[in-house]
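sequence unknown, structure follows:
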């Protein structure tokens, strides 16, 4: 199964529900990905607004 991105928090998942915000508004049309290993220390996570660890889409349509 292909990974889909949550429109709200941009996390990539293969499930039918977002693991962070529990939304079912997932899309297969996304571009770029970034892996956040330590959200508290990551400069990129702070700039992008990611508060948890995981794999996130950069652009969600």
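Looks like it arrived, so ask away. These numbers come from a predicted model, not from an experiment. Numbering: from 1, shown residues only.

immediately after the helix or strand of the chain with the lowest mean pLDDT, which helix or strand?
Sorting the helices and strands of the chain by mean pLDDT, DSSP states H and E puts helix 43-48 at the bottom, at a mean of 92. On the C-terminal side of helix 43-48, the closest following helix or strand by DSSP states H and E is strand 54-60.

now do that next one: distance to the chain's middle.
4 Å (Cα atoms, centre = their mean, to the nearest Å).

pull up the per-residue confidence for the residue most central in space within the chain.
Central residue of the chain (Cα atoms, centre = their mean): residue 11, 1.6 Å from the mean position. For residue 11, the pLDDT comes out at 96.

can you report phi and psi for it?
phi -70, psi 140 (degrees, to the nearest 10).

what residues sit buried inside stretch 9-28?
If you call a residue buried by 16 or more other Cβ atoms under 10 Å, then stretch 9-28 has these buried ones: 9-13, 18, 20, 26. Yep, even glycine has a C-beta here, placed from its N, CA and C like the rest.

Throw those residues into TSV and include distance to residue 35 and secondary structure, thanks.
TSV is the format used below for those (distance: Cβ to Cβ, whole Å; DSSP: H, G, I helix; E, B strand; the rest coil):
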residue	distance to residue 35	secondary structure
9	15	coil
10	13	coil
11	11	strand
12	9	strand
13	14	strand
18	17	coil
20	15	coil
26	19	strand
